[in-house]
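A.B. asks: A structural model of the following input is requested.
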Amino acid sequence: MKINTSLAYDIPGKFEETRFEKNHNVIFDNSIVGSKAVAQEIAELIRSKQAKNETCVLGLATGSSPIKVYEELVRMHKEDGLSFYNVVTFNLDEYYPMTKENRQSYYYFMHQYLFNHIDIKPENVTIPDGTVVLDELNQYCVDYEMKIKEAGGLDFQLLGIGRTGHVGFNEPGSHINSGTRIITLDHITRVDASSDFNGIDNVPKRAITMGVSTILRSKRIVLMAWGQNKAAIIKRTIQGDISSEVPATFLQNHSNATFVLDKSSASELTRFETPWLVGGCIWTQELKSKAIVWLCKETKQSILKLTDRDYNNNGMSDLLAQEGSAYDLNINMFNVLQHTITGWPGGKPNTDDSHRPERANPAKKRVILFSPHPDDDVISMGGTFSKLIKQGHDVHVVYQTSGNIAVTDDEALKFAEVCSDFVGKEMEGVNFSSVINFLNNKTENQIDSLEVRKLKGLIRRRESYAATRYIGLKDENTHFLDLPFYETGQVKKNPLGPEDITIVKDIIAKIKPHQVFAAGDLADPHGTHEVCLNAIFAAMKELKSELYMNDCWLWLYRGAWHEWDIHEIDMAVPLSPSEVLLKRHAILYHQSQKDRVMFQGNDSREFWVRAEDRNKNTAILYDQLGLAEYEAIEAFKRFDY
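C.D. replies: Numbering: from 1, shown residues only. Okay, here's the model as predicted:
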């Protein structure tokens, strides 16, 4: 399927890629490219207004989606001479109550990412005021609407989208005629924001937001969505009926609105999820696998029971014509899936490996298991981790970040008090009296001191040792990189830098692995997995000329948020009931992450429950497709770097 990369808007009825889609949308390879395209459109609008000596009125959004747009606008200002002297801005929303100084305020966000770095006039910036007293709020909202109208209306409105389908903070139930107002936040919205506020109890329950009608009066609207987490709501918004239960669907009524997506957020649109229902397909092996697995689920049959009628009645007659018969298709697909299953993730010695996911030789492999946080290893592949060790491979686990921000203050205080009582005031460079005093007097949004961050990192480090010892790994094979990009003391991290890549490259060069396992789950709430994976990609690219890299295979696992789809799996490692229990106990050694998960995303379950359910569900799917029945399965995808 060809992916359009132009934001140019065509008239309704001519832009839809399929009969299912009701919104103009363009899809980019990734959020970086998409964000630059959006920033370029905004820059062109600003310059065109400047040429006419006119004011450019922008409606701006917050959240993770527009950050790269703002970064590109700042770059264009500093390097390309883009001026904002004629720009007037109105922000969509703000938490209520909320002070401007609070690090979680959208006032702080906008200045941090954009306004502090460009030449916009301060008086031209308008952000809803989260400190207006409640009795005056209705009039304040009326005045906000009037101020937009007096500015000439919004020339361009930038939007993100929440999992509830909200735009701005127009939650489900918002009316198409709604104006700027105070609104009660949906529970899901507050859950999604909880990691930024160190727990849902700290997330405000209300917000001030522009209304749906205010947004729809904009001359041009661009809504951005990035990542797998947004795929389901994007499908509902673009392909569903207009409904106040999904306020973003009101954009179907707008004459000049474009959805800017990456491949992940667009992945559940019909033309990508089931393209055979849309039109002719080029039947690659991957697409055949995807279609046959889908057909099994649709017909509730195992692979070997599918008939010609099943294929013909579900949009796959051209595949049937190409392959000859359902029998041939079924046998081939059954064999493909059968060959993914192995109890020997490092390869089975002295065995024909032509139909196995891993090589038989060398019989004893050097293995690096990269773990972005100090528990992703056991959460994502604890059973495989154990098998590799038991089968005699030289396994090294490499923790890329300290994970210190995921330790609560209460947990750190508990450890500091125990240590102070037991050993006195200081050990390993940590002054416990100082730590205890800091935590007891810590103010809202205050960044942890270096000593507190060190203690929190040590907590996670010792938990990791306990878990890996339980799995059977020697201490000298456990490595902690503490990559610098992570060490900000804040949820917001620094960009990946050369120093990070060098550190990763050095550990690979030292071990010279035959196998590398890395986290390919990019749905973690704050992007640490993606940065860590990019560091590995960059390091392996720089090392590609080294002779030992010719024998190095890269396997990607997924973490606590998503699993590979069946058709994507290249290696499926079955776990026995005792191995499932071993994995659970290893995860539970990470006590600071139990009960109160700080960055749990949209899933309230503890990590061990998520992991166990995910692995058992994968086994159930294999069973339903007609393959062997297992207790649980850990899944991996091979990546050619």
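A.B. asks: hang on, isn't residue 37 packed against residue 27?
C.D. replies: No - applying C-beta atoms under 8 Å as the test, residue 37 and residue 27 come out as separate, 11.0 Å apart. For glycine as for every other residue, the C-beta is placed from the backbone atoms N, C-alpha and C.
A.B. asks: quick one: which of these two has more around it?
C.D. replies: Neighbours per residue (other C-beta atoms under 10 Å) separate residue 37 from residue 27, with residue 27 holding more: 23 against 18.
A.B. asks: so that one lies in a strand, does it not?
C.D. replies: Yes - according to DSSP: H, G, I helix; E, B strand; the rest coil, the state of residue 27 is that of a strand.
A.B. asks: across the sheet, point out what pairs with it.
C.D. replies: Counting by DSSP bridges, residue 27 is bridged to residue 261.
A.B. asks: quick one: it and residue 267 touch, right?
C.D. replies: No - judged on C-beta under 8 Å, residue 27 makes no contact with residue 267 at a distance of 9.7 Å.
A.B. asks: and stretch 301-317, how far out from the chain's middle?
C.D. replies: Centroid separation for stretch 301-317 versus its chain: 35 Å, with C-alpha atoms, centre = their mean, to the nearest Å.
A.B. asks: what are the buried residues along that stretch?
C.D. replies: For stretch 301-317, burial by neighbour count (16 or more other C-beta atoms under 10 Å) applies to 301, 303, 306, 310-311, 314-316.
A.B. asks: what about this structure, any weak spots by pLDDT?
C.D. replies: Within the chain, the segments meeting pLDDT under 70 span 1-17, 424-429, 522-526, 560-561, 595-604.
A.B. asks: what is the longest strand of it by residue count?
C.D. replies: Using DSSP state E to define each element, the chain has its longest strand at strand 632-639.
A.B. asks: quick one: the strands in the stretch 351-500 of the chain?
C.D. replies: 366-371, 394-399, 426-427, 430-431, 478-480 (DSSP state E, counting those that start in this stretch).
A.B. asks: deepest in the core, which of the ones you listed is it.
C.D. replies: strand 366-371 (a mean of 25; mean count of other C-beta atoms under 10 Å).
A.B. asks: by contact count, what packs against that one?
C.D. replies: Here strand 366-371 touches helix 376-390, strand 394-399, helix 498-511, strand 515-519, going by 3 or more C-beta pairs under 8 Å, 6 or more residues apart in numbering; DSSP states H and E.
A.B. asks: out of those, which comes closest to residue 119?
C.D. replies: Among these, helix 498-511 comes nearest to residue 119, with 30.5 Å by C-beta to C-beta.
A.B. asks: the closest one packs against which elements?
C.D. replies: strand 366-371, helix 528-542.
A.B. asks: could you rerun that using 6 Å?
C.D. replies: helix 528-542 (3 or more C-beta pairs under 6 Å, 6 or more residues apart in numbering; DSSP states H and E).
A.B. asks: can you redo the helices and strands packed on strand 366-371 as TSV with distance to residue 117?
C.D. replies: As requested, the helices and strands packed on strand 366-371 are exported to TSV (distance: least, C-beta to C-beta, whole Å):
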stretch	distance to residue 117
helix 376-390	34
strand 394-399	34
helix 498-511	23
strand 515-519	32
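A.B. asks: quick one: closest of those to residue 185.
C.D. replies: Judging the helices and strands packed on strand 366-371 by C-beta to C-beta, what sits closest to residue 185 is helix 376-390, at 29.6 Å.
A.B. asks: how far does the closest one sit from its chain's centre?
C.D. replies: 23 Å.
A.B. asks: make 772 the first number, not 1, from now on.
C.D. replies: Got it, the first residue is 772 from now on, which makes the last one we talked about helix 1147-1161.
A.B. asks: that one packs against which elements?
C.D. replies: Using 3+ C-beta pairs under 6 Å, 6+ apart: helix 1147-1161 touches strand 1137-1142, strand 1165-1170, helix 1221-1242, helix 1348-1359, strand 1403-1410.
A.B. asks: what's the most buried one of those?
C.D. replies: Comparing the helices and strands packed on helix 1147-1161 by mean count of other C-beta under 10 Å gives strand 1137-1142 as most buried, with a mean of 25.
A.B. asks: now do that strand against strand 1286-1290, angle only.
C.D. replies: 10 degrees (axes from the mean of the first three to the mean of the last three C-alpha atoms, to 10 degrees).
A.B. asks: show residues contacting strand 1137-1142.
C.D. replies: Here strand 1137-1142 makes contact (C-beta atoms under 6 Å, 6 or more residues apart in numbering) with 1148, 1159, 1164-1170, 1282, 1284-1289, 1307.
A.B. asks: same thing but 7 Å
C.D. replies: Strand 1137-1142 has contacts (C-beta atoms under 7 Å, 6 or more residues apart in numbering) with 1117, 1148, 1156, 1159, 1164-1171, 1279, 1282-1290, 1307.
A.B. asks: sorry, back to before: to residue 1001, which of the helices and strands packed on strand 1137-1142 lies closest?
C.D. replies: Taking C-beta to C-beta, strand 1286-1290 is the member of those nearest to residue 1001, at 19.8 Å.
A.B. asks: which positions within the closest one qualify as buried?
C.D. replies: 1286-1290.
A.B. asks: got a markdown table for those residues, with distance to residue 1230 too?
C.D. replies: As requested, the buried residues of strand 1286-1290 are exported to a markdown table (distance: C-beta to C-beta, whole Å):
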| residue | distance to residue 1230 |
| --- | --- |
| 1286 | 30 |
| 1287 | 27 |
| 1288 | 25 |
| 1289 | 24 |
| 1290 | 21 |
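A.B. asks: what's the closest of these to residue 907?
C.D. replies: Relative to residue 907, the closest of the buried residues of strand 1286-1290 is residue 1290; by C-beta to C-beta it sits at 48.9 Å.
A.B. asks: that closest one and residue 1077, how far apart?
C.D. replies: In this view, residue 1290 and residue 1077 are 34 Å apart by C-beta to C-beta, to the nearest Å.
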